[in-house]
Structures are given as C-alpha cells and as structure tokens.
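Chemist: Next comes the sequence, and after it the predicted model I'd like to discuss.
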Amino acid sequence: MKLRTLLLAAMAFAASTPALPAQDPAAAKTAPAGGYQPQTVQVLGQEFAYQLLKPATVEAGKTYPLILFLHGAGERGTDNQAQLKHFAGKMASPAMQAKYPCFLIAVQCRPEQKWSDV
C-alpha cells in the first residue's frame, strides 16, 4: 500500500469523524464493551477497513492523542482482525486504557500490498 494512499485514508477518516460533543465532566462518556469498533472508509474508489479504539472514558475539555497504527507484515489480510494481534490488542486492555487513554486507528494492509517500498 502506498504511503500516499494511507495518508489519504487517515485524512478521510479525520474529515468524516465528527468532533466529540462537549460533556458535563460528571457525565463522562464510556466506550462500548469490547474496545475496538470496526469501521470502513472509501479512498480513491477503494474501501479500506480499520478498527477504531476510543478512550474508555472521554472527559469534557480534555484532549487525547490519536495513534495511527501500522502493523507488521504478519498481520496483513482482509479479516480486519489480524492487525489487533500485538500492540493494538494490548492497547485495548483496561490497564493500558487507564494508563494511556487515546484514540487508536488500526488499518489493515491487504495481503498483496505493503505500507511502503523501502
């Protein structure tokens, strides 16, 4: 997969994701059970599947980092699950979410492609 396509996909995701509404700090938003939410985005006529992890609790007025996770060659595929085997899967654990609350996008590279030609 060309890096340009990946960057376009990330920008399309960012543009299509509405901002979180302001919330009363006493009414923090909690993510659904299971952590990751499967998503798709259309880029240059191709559909790309990815998984989205949101912080377990989103507090009004607080900012959270966005991690765009690019997995290794062993997690390529079309099941939209294999990319969660290692780092991305560990980030969904309650302990990691408590210590490092973040938004994480885990895109899956297709089997016949790679992130870049190095």
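Modeler: Structure's in. What do you need?

Chemist: average pLDDT across stretch 94-106?
Modeler: Stretch 94-106 shows a mean pLDDT of 95.

Chemist: mind saving the C-alpha coords of it as CSV?
Modeler: Taking C-alpha atoms only, stretch 94-106 is exported to CSV below (Å, rounded to 0.1, in the frame of the first residue of the first chain):
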residue,chain,number,x,y,z
PRO,A,94,-8.3,-1.9,30.7
ALA,A,95,-4.9,-1.4,32.3
MET,A,96,-3.4,0.2,29.1
GLN,A,97,-6.5,2.3,28.5
ALA,A,98,-6.3,3.6,32.1
LYS,A,99,-2.6,4.4,31.8
TYR,A,100,-2.6,5.7,28.2
PRO,A,101,-6.1,6.9,27.1
CYS,A,102,-6.1,7.6,23.4
PHE,A,103,-7.9,7.2,20.1
LEU,A,104,-6.2,4.5,18.0
ILE,A,105,-6.8,3.7,14.3
ALA,A,106,-5.6,0.2,13.3
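
Chemist: for that stretch, which positions count as buried?
Modeler: 96-97, 101, 103-106 (16 or more other C-beta atoms under 10 Å). The way it works is simple: take the backbone N, C-alpha and C, and place the C-beta from them, glycine included.

Chemist: want to throw these into CSV with distance to Gln37 and secondary structure?
Modeler: Shown next, in CSV, are the buried residues of stretch 94-106 (distance: C-beta to C-beta, whole Å; DSSP: H, G, I helix; E, B strand; the rest coil):
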residue, distance to Gln37, secondary structure
Met96, 17, helix
Gln97, 14, helix
Pro101, 16, coil
Phe103, 11, strand
Leu104, 11, strand
Ile105, 11, strand
Ala106, 11, strand
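
Chemist: Closest to Trp115 out of those residues?
Modeler: Closest to Trp115 out of those is Ala106 (12.9 Å), distances taken as C-beta to C-beta.

Chemist: so where's the protein shaky on pLDDT?
Modeler: Counting by pLDDT under 70, the ranges of the chain that qualify are 1-34.

Chemist: tell me the strands in it, going along the chain?
Modeler: Assigned by DSSP state E, the strands in the chain fall at 29-30, 36-43, 46-53, 57-58, 66-70, 103-107.
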